[in-house]
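K.L.:
The following block contains a protein sequence and its predicted model.
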Amino acid sequence: MATYTLFELQEYIRRVLALNFPAGLWITAEIAQTNRARGHVFLDLVQKGPDPESSAVAQASAVLWQRDYQRLKLQMGAVLEEILRDGRELRLHVRVDFNERFGLKLLITDIDPAYTLGRMELQRRQTIDTLRRAGLLERNKALPLPAVLQRIAVVSSEGAAGFQDFREHLAKNAFGFAYHCRLFSTAVQGKNLASEMIAALEQVAAQAGRFDCVAVLRGGGARLDLAGFDQLDLCKAAAALPLPLLTGIGHDMDETILDLVAYAALKTPTAVADFLMQRNLFFERQLLQLAADCREAAGQQMKIKALGLAQIETSVRWSGPGRVRFARGALDALAAQLPGLVRRRLQGAAAQLEQADMFCTALHPDTVLRRGFSLTLKDGKALAGAVAVAPGDLLETRLRDGSVFSMVT
């Protein structure tokens, strides 16, 4: 059996590859890691299995030499930097290069940005559909927004220009409103964006009673930098917040999925600050209007009561003399009627006396005696029955024309 040196084997492999891949070809792969040195871009490419959580089924190293990088940058502009990020899926035109010392390497000669952007848009639509079917797109919007927003949980990077603009805008507001902002610092771009922001949102949710709302802020940047705000797990965490979520990610034209999930999506951090001020200004105006309405209602009531008092005063002023005149007339009429009333009362009393006199006369004992009756007395008192006398008692019997004395036997 023949024995070959390592160099001979490697040289044979190089020739086989050169024979079978004489020209470049297009491949699709995901960037696992990016490194830069002396203007060159070195990429670790992988292909994962059908399950997003599965491990890589293929892996290779690739390089974008400085001259090709400069050429592509002139063609693609800022898009090139946006797609050369870890986790991006690319369509690359490569030449297969094999070196006896350094092994296999793919030399990148062209990149199709439309493929990367298309894959990202497809993933974005799938994420939106997943959230919609789970009822999470409208969940945060259904939360009640406090009438006054002063205690703000801010999720942003401490060094982000957008956060500094937001804080300064609130501090210098022309209305004198006081705001209490607490920063939950996270990455706002790069591969750690989603994981750090999810952890920050979980911290906010655990302290929800201390805040009125949550603001996610970022100060602008490249379009593809926003891809982190489209990740499903981050949007689920945002939808589960017990507080209204305001976003100011810093793009006028583009809308992230996090914007769709939020209670209100504002274009910039300063727009979020303006939203907070307008909310509080609206409440202040409501209070001022309510105070004005109270003053107006009180004034109207005072006018009505004053008018009623004036009417009563006028009525009293004019009714007093009339009442006096009426009372005086009543007294005059009574004075005119009084002699007749007295006379009739005296006549009635005289008739009653006469009637009583006749009754007394009719009941007088002399009258009874004159009618043939007699009256028996014992010791000067009328005798009512026989049991009141005893033998030997002296009795007087009065008759019409005299008295008869007798003794009881």
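P.N.:
Thanks, I have the structure now.
K.L.:
Disregarding flanking residues, what is the spatial nearest neighbour of Glu196?
P.N.:
Thr186 (4.0 Å; C-beta to C-beta, 6 or more residues apart in numbering). For glycine as for every other residue, the C-beta is placed from the backbone atoms N, C-alpha and C.
K.L.:
so what pLDDT did the one you found get?
P.N.:
For Thr186, the pLDDT comes out at 91.
K.L.:
so who does it touch?
P.N.:
155-157, 193, 196-197, 199-200 (C-beta atoms under 8 Å, 6 or more residues apart in numbering).
K.L.:
out of those, who has the most neighbours?
P.N.:
Sorting these by how many neighbours each has (other C-beta atoms under 10 Å) puts Ser156 first, at 28 neighbours.
K.L.:
roughly how far apart are that one and Asn280?
P.N.:
Distance, Ser156 to Asn280, using C-beta to C-beta, to the nearest Å: 21 Å.
K.L.:
what's the answer for Val57, then?
P.N.:
Applying C-beta to C-beta to Val57 and Asn280 gives a distance of 56 Å.
K.L.:
higher neighbour count, these two?
P.N.:
Per other C-beta under 10 Å, whichever of Val57 and Asn280 has more neighbours is Asn280, with 20 against 10.
K.L.:
my guess is the more buried one contacts Gln150, does it?
P.N.:
Yes - with contacts counted by C-beta atoms under 8 Å, Asn280 reaches Gln150, the gap being 7.3 Å.
K.L.:
List phi and psi for Asp230.
P.N.:
Per-residue torsions, Asp230: phi -100, psi 0 (degrees, to the nearest 10).
K.L.:
got it, and Asp233?
P.N.:
Per degrees, to the nearest 10, the backbone of Asp233 is at phi -60, psi -40.
K.L.:
Am I right that it is in contact with Ala194?
P.N.:
Yes - between Asp233 and Ala194 there is a contact under C-beta under 8 Å: 6.2 Å.
K.L.:
list residues touching both of the two?
P.N.:
Counting by C-beta under 8 Å, 6+ apart, nothing touches both Asp233 and Ala194.
K.L.:
more neighbours, these two?
P.N.:
Ala194 (21 against 12).
K.L.:
Would you agree the more buried one is in contact with Asp230?
P.N.:
No - the pair Ala194 / Asp230 is not scored as a contact, 9.3 Å apart, by C-beta under 8 Å.
K.L.:
quick one on the thing from earlier: overlap in contacts, Asn280 and Gln150.
P.N.:
With C-beta under 8 Å, 6+ apart, Asn280 and Gln150 have common neighbours Phe177.
K.L.:
quick check: longest helix of this protein.
P.N.:
For the chain, the helix with the greatest residue count under DSSP state H is helix 269-363.
K.L.:
Which residue ranges make up each domain of this protein?
P.N.:
6-111, 124-282, 366-407 (automatic domain parsing).
K.L.:
Poorly predicted segments of the stretch 201-350 of the chain, please.
P.N.:
220-225, 251-254 (pLDDT under 70).
K.L.:
which residues of this structure fall in strands?
P.N.:
25-37, 40-48, 56-64, 89-99, 103-111, 151-156, 180-185, 213-217, 245-248, 264-266, 375-378, 381-382, 394-399, 402-407 (DSSP state E).
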